[in-house]
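Peer 1: Sequence and computational prediction follow.
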Amino acid sequence: MNVRFRRWISAGMLAGLIAGLLATRSAAAEQLQLVIAASSPSPAGIAEKAKQLSAQFKNGLVIQTSECGDEHNVYAFVSGIEDSRAEAQSLLASTRASIPDAYIKECRLKPDSLLGFRVPAVDSSIADVPAGAVNWSDEDRISTASPLPDGRTLILVRYYAHAADDPQEGRRERVILGDPSDKTTVLDENCTRAGKAAVTAGRIAFDCAVEQAGDHLLHAVKAFDDSGSKLKEIQHCRKPRWEQKNLLACDEESVGADGKLVLTAKQTEIP
């Protein structure tokens, strides 16, 4: 009983330590000084402005002010990000040499944000979306970051890829995994409509739309280990969920002769 008690205490202490480290990380990253060089209410607008300014400001980044706690979100191109007001003032002076109305914005950074990982809110390629791409929406232009239950962050980078006769009009999504140390790992370069991720013991799985059958999108489930190496890809399956560390369940997809989608529970062993 004493052994069990000691093990329980150790597990509790470990959980507390992890929580403390995550809290320390969030607190340390809360305050930033941003030098705003341009802004726009739309992702397409800021993409154009960023394209013009990025050659001049090599450390520039597109951010969204909602990640700083602003209720009214605006997209902005920052010429740089500093930790102290004094450093920001120095950067502001050099920025104003070409952008007279540049200013400093204090940012109380939200956890699990794109800015925290220095990932642009709007990818630079979005500026190249053709004006005649009628099926593009603002959501197709904006990247997102979502917290995972284990303290990591799933980042979806939405970008444009030029491809002739492309049914998606160049819409692409890159899946990136961010960990509490701010390290990022690319899991998938092109995952259309990435679904909600399932995690267990460092492993992660999510689904991507891969083809269309009649009126239905069919998916592939992709599973990765804690280092970002792919473990398995399961065709024609959606909504992954871990039953155990080595057992992944999902809904297998098939389309009948009547055109109706049929979903069947499926389990796959993952080495």
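Peer 2: Nice, thanks for sending it over.

Peer 1: Can you find the helix or strand of this protein with the lowest average pLDDT?
Peer 2: Lowest by mean pLDDT, DSSP states H and E among the helices and strands of the chain is helix 2-28, with a mean of 42.

Peer 1: For the helix or strand that that one is followed by, buried residues please.
Peer 2: Scanning the chain past helix 2-28 towards its C-terminal end, the next helix or strand to appear is strand 31-40 (assignment: DSSP states H and E). Along strand 31-40, the positions that meet the burial threshold by neighbour count (16 or more other C-beta atoms under 10 Å) are 32, 33, 34, 35, 36, 37, 38, 39, 40. Where C-beta positions appear, they are placed from N, C-alpha and C, glycine not excepted.

Peer 1: go on, stretch 189-207?
Peer 2: Taking 16+ other C-beta under 10 Å as the basis for neighbour counts, the residues of stretch 189-207 that come out buried are 191-192, 194-195, 197-200, 203-207.

Peer 1: As JSON lines, those with distance to residue 251 and pLDDT would be great.
Peer 2: Rendered in JSON lines, the data for the buried residues of stretch 189-207 read as follows (distance: C-beta to C-beta, whole Å; pLDDT from 0 to 100):
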{"residue": "191", "distance to residue 251": "18", "pLDDT": "97"}
{"residue": "192", "distance to residue 251": "18", "pLDDT": "93"}
{"residue": "194", "distance to residue 251": "16", "pLDDT": "95"}
{"residue": "195", "distance to residue 251": "11", "pLDDT": "95"}
{"residue": "197", "distance to residue 251": "15", "pLDDT": "97"}
{"residue": "198", "distance to residue 251": "12", "pLDDT": "98"}
{"residue": "199", "distance to residue 251": "18", "pLDDT": "98"}
{"residue": "200", "distance to residue 251": "18", "pLDDT": "97"}
{"residue": "203", "distance to residue 251": "19", "pLDDT": "98"}
{"residue": "204", "distance to residue 251": "18", "pLDDT": "98"}
{"residue": "205", "distance to residue 251": "13", "pLDDT": "98"}
{"residue": "206", "distance to residue 251": "14", "pLDDT": "98"}
{"residue": "207", "distance to residue 251": "9", "pLDDT": "98"}
